[in-house]
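Peer 1: How does the following fold in three dimensions:
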Amino acid sequence: MILSPARWRRPRTDWLRSIATALVALIAWEALARALAGTYLIAGPLEIASYLSDHAGLILRATGWTALAAAGGYVIGNLTAIALAAVAILIPGAARLISSLALIVFCLPLVATGPILRVLWGPGLGPQVTLAALAVYFTTFLPLQVGLRAAPPNWFDLVRSYGRGGWTALVEVRAMAALPYLIAGLQIAAPAAFLGALVGEFTGAERGMGVLTIRAMRSLDVAGTWSLATIAAAVSMLAHAGIGWLWRRLDDAPPPLILASLPDARTDRRWATRLNLILVVLVVIALWWLSMEFAGLNRFFAKRPDDIWAFLVTASGAADHRTTLFAALGQTLSLALPGYALGLALGLGLAIALLMLPALARAIMPLAVALRAIPIVITAPLVVVAMGRGATGTITITAVMTFFPTFIACYQGLKRTPAALIDLFESYAATRWERLTLVQFPAMLPAFFSAARMAVPAAILATTTAEWLATGHGIGGLMALTASTSDYGMLWSSVVLLALVAVAAYAAIERIERAVLRRYGAEQLVR
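Peer 2: The predicted structure is shown next:
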C-alpha cells in the first residue's frame, strides 16, 4: 500500500526537536575538540568542514570508489542470502546444513580474510566487493529465514487446497510475510557493506577511502582521519535511513521484531545432530579443497586443509606453531570476552533506561546509530591513541561494536511487548518496575539472545582489528605480521582457528538461549 504524504510525514515538532538535538551535539563536539586541542585525539566540526572543503575532489572520488565496491558487495551478499533462505525453505532437509555453512563463512575474520583475498584476486575491486558481500549476507539471511516461516499455517492450507505446491507458497505467501524481515535485514546490512569494502581497501588497494585513511593515520592527520570517519558514517546512515524511508512509503506497518526461533533441543535426535556436524565438516573441507584445486592456485599462498593439518600437527615445527598461535589467541580472547560482556551490559542497560525515560530516546538513538555507522577500521586507532595500547582501548572498541546491535534489539523487544499484557498489569495497578521485570523483560529475552549471537563475530572483528591496526598484540597482531612476511601457513591457520572459536561461541550462546527460553519464552522454541 502506498502511503499518502500525510501518513508518513513526521510532525513539525519532531523535526524541530531533531534539529535542536543535532545542534546541541555539534556544539558539544566542537567544544570538546577545542578543549583537547594539540592532543591529536579529536577534530571538531569546523575543522572537519574546512578539511572537506579543501580536499573535496579527492574525498569525493575516494568515497565514490568505496561506495561502488560496497554497493556491489551489498547486492551480491543480499541476493546470496535470499537464494540460500529460499533453498532452505524449498528443501527442508538441507536447511540445517545451509544454516551451518552460512554461519561458518560469516565467522571468518574479515581482517585476516582480506590479505588472502588480495593475493587470490589481485588488484582491483575483487577483495573489496567480496568482503562487503561476506559482511552482509548473514545479517540478511538470518532474519529472512525467520520471516519466511512467519506466515500463519492456515495460509498454507489455502494454497494446498488449490492444488499448489511449495514454490507457490514461497512466492505468494512466504515472500509477502517475510518482506518486513527482509527490509530490517537490508537496513542492518548497509553499514556492514561499507565496513567490508573499507577492510578490503586496507589490504593493498590502490584507491578508495581505506587508502586515504591509512595515509591519514600514518601521518597523524587527525582532521583527515575524522573527516573520513564522518563521511563513512554519513554514507552508512543515509543508506540505513533511505531503506527505512522507502519501506515507510510502501507500508505503514512497523517491521516486526526479529526473533530467531530455535528448534527445541529436546525434540532433536542426538544422532541427527552429530550426523549434521560431520556432514558440515566434510562439506566445508571438500569445498575448500576443490575450489583451490579447480582454480589451480599455488599452494604457497592458497593453503588446502591438508596444508593446515601439516602446519599445526605433522610438520617438524608444528608444536612451535601451535604454541605461537594459541598464545596469541589467548591474548585476544582475554580482551574480546570482557569487551563483549561490557557491550551486552551497556546495550541492555541503555535500552531499559530509555524505556523508563522515553524523553531521552530521541536524543540517544541517533548517537547510537552513528556509533554503529562509523567503521571500526577508522575508529580503532583513534581509540587506542586516546586510551593507550593496553587492555582499556581494545576492550572499549569491542564494547562499542557489541553495544549497538544489543541496544537496538533490546529496545525494540521491550517496546514490542504485547499490549494486552501491559493492559492486564495496569488494570492491577502494577508499577512501572513491576511491568518491566514481570512482562517486558521476559518478552525481550529472545531479542537479547539473538543480538548476543550476532555480536560474537562483531566482537572478534573489533578486537582483531584493534590488534591489527594499533596494538600489535594478540592474534590480530600475529596476522598482520604473517601477512607482511608472507607466512601464509600461520595466516590461514589463524583464520581457521578464529572461525572455529566464533562458531563454538555462537553455538554456546544458542544452548544458553534454549535453556532460558524453555523457561521464560517456550513459545519461541519450534517443535
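Peer 1: Mind listing what's buried along stretch 86-100?
Peer 2: 86, 88-90, 95-96, 98-100 (16 or more other CB atoms under 10 Å). C-beta here means a position set from N, CA and C on the backbone, and glycine is covered the same way.
Peer 1: SS state for the closest residue to F448 other than its chain neighbours?
Peer 2: Leaving out its chain neighbours, the residue that sits closest to F448 by CB to CB, 6 or more residues apart in numbering is C410, at 5.3 Å. Classification of C410 using DSSP: H, G, I helix; E, B strand; the rest coil returns helix.
Peer 1: ditto for L297
Peer 2: Assignment for L297 (three-state DSSP): coil.
Peer 1: Local confidence estimate at it?
Peer 2: On the pLDDT scale, L297 is placed at 79.
Peer 1: Break the protein into its domains for me.
Peer 2: 37-260, 300-527 (automatic domain parsing).
Peer 1: ok, and the closest non-adjacent residue to L198?
Peer 2: L198 sits nearest to G210 (CB to CB, 6+ apart), 4.5 Å away.
Peer 1: Who are the contact partners of that neighbour?
Peer 2: 66, 197-202, 377 (CB atoms under 8 Å, 6 or more residues apart in numbering).
Peer 1: Of those, select the buried ones using a PyMOL command.
Peer 2: To isolate the buried members of the contacts of G210 in PyMOL, using 16+ other CB under 10 Å:
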select buried, resi 66+197+198+199+200+201+202+377
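Peer 1: Which of the contacts of G210 fall within strands?
Peer 2: Using DSSP state E, no member of the contacts of G210 sits in strands.
Peer 1: Mind putting the contacts of G210 into JSON lines with pLDDT?
Peer 2: Rendered in JSON lines, the data for the contacts of G210 read as follows (pLDDT from 0 to 100):
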{"residue": "T66", "pLDDT": "91"}
{"residue": "A197", "pLDDT": "88"}
{"residue": "L198", "pLDDT": "85"}
{"residue": "V199", "pLDDT": "82"}
{"residue": "G200", "pLDDT": "84"}
{"residue": "E201", "pLDDT": "85"}
{"residue": "F202", "pLDDT": "78"}
{"residue": "V377", "pLDDT": "65"}
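Peer 1: Then T396 would be within a helix, right?
Peer 2: Yes - the assignment for T396 (three-state DSSP) places it in a helix.
Peer 1: separation between A430 and L357?
Peer 2: Distance check for A430 against L357: by CB to CB, to the nearest Å, it reads 19 Å.
Peer 1: Comparing the two, which shows the higher neighbour count?
Peer 2: Remark: of A430 and L357, A430 carries more neighbours, 16 against 10, as counted by other CB atoms under 10 Å.
Peer 1: what helices or strands is the helix or strand harbouring R519 leaning on?
Peer 2: Assigned by DSSP states H and E, R519 belongs to helix 488-520. Judged by 3 or more CB pairs under 8 Å, 6 or more residues apart in numbering; DSSP states H and E, helix 488-520 is in contact with helix 95-106, helix 110-121, strand 262-263, helix 305-309, helix 318-356, helix 441-466, helix 474-484, strand 525-526.
Peer 1: So which residues make contact with stretch 328-335?
Peer 2: So stretch 328-335 is in contact with 391, 394-395, 398, 460, 463-464, 467, 473-478, 494, 497-498, 501, going by CB under 8 Å, 6+ apart.
Peer 1: Tell me the gap between it and the middle of its chain.
Peer 2: Average the C-alpha atoms of stretch 328-335, do the same for its chain, and the two points are 21 Å apart (CA atoms, centre = their mean, to the nearest Å).
Peer 1: My guess is Y181 contacts P143. True?
Peer 2: Yes - counting by CB atoms under 8 Å, Y181 does reach P143; the two are 4.4 Å apart.
Peer 1: tell me the mean pLDDT over the helix holding R519?
Peer 2: 85.
Peer 1: go on, stretch 41-48?
Peer 2: For stretch 41-48, the mean per-residue pLDDT is 84.
Peer 1: what's the span of it, first residue to last?
Peer 2: 13 Å (CA to CA, to the nearest Å).
Peer 1: List the buried residues in that stretch.
Peer 2: 41-44, 47-48.
Peer 1: who touches it?
Peer 2: Here stretch 41-48 has contacts from 26, 29-30, 32-34, 36, 51, 222-223, 225-227, 230, 382, 385-386, using CB under 8 Å, 6+ apart.
Peer 1: measure G244 to V284 for me?
Peer 2: Between G244 and V284 the computed distance is 36 Å (CB to CB).
Peer 1: If you could redo that for A112, that was the one I meant.
Peer 2: Going from A112 to V284 by CB to CB gives 17 Å.
Peer 1: Which of these two has more residues huddled nearby?
Peer 2: Each of A112 and V284 has its neighbours counted (other CB under 10 Å); A112 has more, 28 against 17.
Peer 1: ok, back up a step: dump the domains of the chain into CSV; add distance to L279 as well.
Peer 2: Shown next, in CSV, are the domains of the chain (distance: least, CB to CB, whole Å):
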stretch, distance to L279
domain 37-260, 6
domain 300-527, 15
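Peer 1: Distance from the chain centre to stretch 90-103, please.
Peer 2: Using CA atoms, centre = their mean, the offset of stretch 90-103 from its chain centre is 20 Å.
Peer 1: What average pLDDT does that stretch get?
Peer 2: Confidence for stretch 90-103, expressed as mean pLDDT, is 81.
Peer 1: Tabulate the CA atom coordinates of that stretch in PDB.
Peer 2: Listed next in PDB are the C-alpha coordinates belonging to stretch 90-103 (Å, rounded to 0.1, in the frame of the first residue of the first chain):
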ATOM      1  CA  LEU A  90      12.100 -25.400  -0.500                       C
ATOM      2  CA  ILE A  91      14.300 -28.200   0.600                       C
ATOM      3  CA  PRO A  92      13.700 -28.600   4.400                       C
ATOM      4  CA  GLY A  93      16.200 -31.400   4.700                       C
ATOM      5  CA  ALA A  94      19.000 -29.000   3.600                       C
ATOM      6  CA  ALA A  95      18.100 -26.200   6.000                       C
ATOM      7  CA  ARG A  96      20.300 -27.200   8.800                       C
ATOM      8  CA  LEU A  97      23.300 -27.800   6.500                       C
ATOM      9  CA  ILE A  98      22.800 -24.400   4.800                       C
ATOM     10  CA  SER A  99      22.500 -22.500   8.100                       C
ATOM     11  CA  SER A 100      25.600 -24.200   9.400                       C
ATOM     12  CA  LEU A 101      27.700 -23.400   6.300                       C
ATOM     13  CA  ALA A 102      26.400 -19.800   6.300                       C
ATOM     14  CA  LEU A 103      27.400 -19.300   9.900                       C
END
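Peer 1: quick one on the thing from earlier: generate a ChimeraX selection restricted to the buried entries among the contacts of stretch 41-48.
Peer 2: Listed next is the ChimeraX selection for buried residues among these, using 16+ other CB under 10 Å:
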select :29,30,33,51,222,223,225,226,227,230,382,385
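Peer 1: Next step: the contacts of stretch 41-48 restricted to helices.
Peer 2: When DSSP state H is applied, the contacts of stretch 41-48 are split such that 26, 29-30, 32-34, 51, 222-223, 225-227, 230, 382, 385-386 fall in helices.
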